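Kindly return the folded structure for what I paste below:
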Amino acid sequence: MPQAKLISHTLRLVVLVSSVVASAALIAQSTVTEILPGVIRTPAERFENLVDYPFTPHYVEVMIERGVGGQERVPMRMHYVDEGQGDPVLMLHGQPTWSYLYRKMIPVVAARHRVIAPDWIGFGKSDKFIREADYSYKMHFDAALAFIEALDLHNVTLVMQDWGGFLGLPIAAHMSDRIARLVVMNTALPTGYGMMTSSWYAYRDRTRVQTPYGQERQFSAGNGGRDDPENVRAYSAPFPDPAYYAGPNTFPQIVPMRPGDPFSPTMLHTADVLANWDKPALVMFSDGDQILGPHEEFLRRLIPTSANEPRIVIEGAGHFLQEDKGEEVAQRILEFIARHPL
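So this is what the prediction gives:
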């Protein structure tokens, strides 16, 4: 076996063994109950009485591969919000949020269209792996495709932010026949060729800092989120203790950052598809995103049909523009859809 490949296999084995040991330690310290070996589900009471989130939960089971190299296929339950009627507007969340992020937008858009807002595996009300090694870009991508196919979605308006775009843009390239429109917000297309900002690298490194066992990790979103106890309670709800943290821990680590990363070729293919995209596309960023804001111009130039839309900048909003200016963002999306009826 060539030395480079041997080193790669050795590193993967080290990661796998370390993850197994870590997950065993978490289970030993925690009171969580595994619904399958290495799979847990956040207790429903964690989501009770959340502010402005009255939506009926819906679930679909998807079969996905877990572990390094995908040694095993397991059924994982994905949660989603499903409100309104008509052609679907699929809203994809990012890190470390869940469908709660879209709560201000869902009623506005659902008044005219069907809104679907899923939780990725490891987030929100969806099932979660305990081992970080069970999370990969391919796992998330395959789960997203399986979700769309299970609901048999067509004529989709794809709304993406943060990791919603890291996954959503390749989804659009992979199943373009199901996609009618793109709404691209505060995201990027990481191809593995050094496009990410220094602020993003700093954020990625911060996510590796672990909260001591027994102290609940606190999450929030939006400019004022850290000062709002209800905001913190809602975004922290999916993660009662460290056994649940593998999803948000790994999301920043599995972004393709080098040409040799497993999904870098898929991202490059996505760029090629988007460079020839002929369906309506709205690129809409906020004015206060220091992490992904610099990618706005690249995406505007990459997707040719975005030049057909008015340049919209959501003022006074940070990275989570859905949280800071959700109603305004939703109205802009309605106007965009109205400009391009099917």
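
Ala188 contacts Trp163, doesn't it?
No. Judged on C-beta atoms under 8 Å, Ala188 makes no contact with Trp163 at a distance of 9.9 Å. Bear in mind the C-beta positions are built from the backbone N, C-alpha and C, glycine included.

Could you pull up the residues touching Arg233?
Leu50 (C-beta atoms under 8 Å, 6 or more residues apart in numbering).

Could you tell me which residues within the helix or strand encompassing it count as buried?
Assigned by DSSP states H and E, Arg233 falls within helix 229-236. Within helix 229-236, the residues scored as buried using 16 or more other C-beta atoms under 10 Å are Asn231, Val232, Arg233, Ala234, Tyr235, Ser236.

my read: Gly94 touches Val159, true?
No. Counting by C-beta under 8 Å, Val159 is not a contact partner of Gly94; they are 11.5 Å apart.

The two: who's more crowded?
Shown here are Gly94 and Val159; by other C-beta atoms under 10 Å, Val159 has more neighbours (31 against 27).

would that one count as being in a strand?
Yes. Judged by DSSP: H, G, I helix; E, B strand; the rest coil, Val159 forms part of a strand.

That one bridge partners, please.
Met91, Val183 (DSSP bridges).

Contacts only, for it.
With C-beta under 8 Å, 6+ apart, Val159 has these contacts: Val89, Leu90, Met91, Leu92, Val183, Met185, Ile333.

Can you get me a residue count around the second one?
The local packing of Leu90 (other C-beta under 10 Å) involves 26 other residues.

where do the helices sit along the protein?
Along the chain, the segments classed as helices by DSSP state H run 3-29, 106-110, 137-151, 163-174, 198-206, 229-236, 246-250, 264-275, 296-302, 321-339.

how about those in CSV, adding mean pLDDT?
Output for the helices of the chain, formatted as CSV (pLDDT from 0 to 100):
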stretch, mean pLDDT
helix 3-29, 42
helix 106-110, 98
helix 137-151, 96
helix 163-174, 96
helix 198-206, 69
helix 229-236, 94
helix 246-250, 91
helix 264-275, 94
helix 296-302, 96
helix 321-339, 97
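
May I see those helices arranged in CSV, with distance to Gly84 as well?
Shown next, in CSV, are the helices of the chain (distance: least, C-beta to C-beta, whole Å):
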stretch, distance to Gly84
helix 3-29, 39
helix 106-110, 3
helix 137-151, 14
helix 163-174, 19
helix 198-206, 34
helix 229-236, 22
helix 246-250, 28
helix 264-275, 28
helix 296-302, 27
helix 321-339, 12
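
Determine which stretch of the ones you listed is the most buried.
Highest mean neighbour count among those (mean count of other C-beta atoms under 10 Å): helix 163-174, with a mean of 24.

neighbouring contacts of it?
By C-beta under 8 Å, 6+ apart, helix 163-174 touches 91-95, 120, 140-141, 144-145, 148, 158, 160, 179, 182, 184-190, 251, 255, 263, 266-267, 269-270, 273-274, 277.

still on that earlier bit, ChimeraX command to pick out the buried ones of the contacts of Val159?
Burial among the contacts of Val159 is assessed by 16+ other C-beta under 10 Å; the matching ChimeraX selection reads:
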select :89,90,91,92,183,185,333
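
which one of the contacts of Val159 is nearest Gly225?
Of all the contacts of Val159, Met185 has the smallest distance to Gly225: 17.2 Å, by C-beta to C-beta.

Touching, the closest one and Tyr102? I think so.
No. The pair Met185 and Tyr102 fails to qualify as a contact (C-beta under 8 Å) at a distance of 11.2 Å.

overlap in contacts of the two?
Gln322.

Distance to Val60 added to the buried residues of helix 229-236, as CSV?
Formatted as CSV, those follow (distance: C-beta to C-beta, whole Å):
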residue, distance to Val60
Asn231, 28
Val232, 29
Arg233, 27
Ala234, 23
Tyr235, 23
Ser236, 25
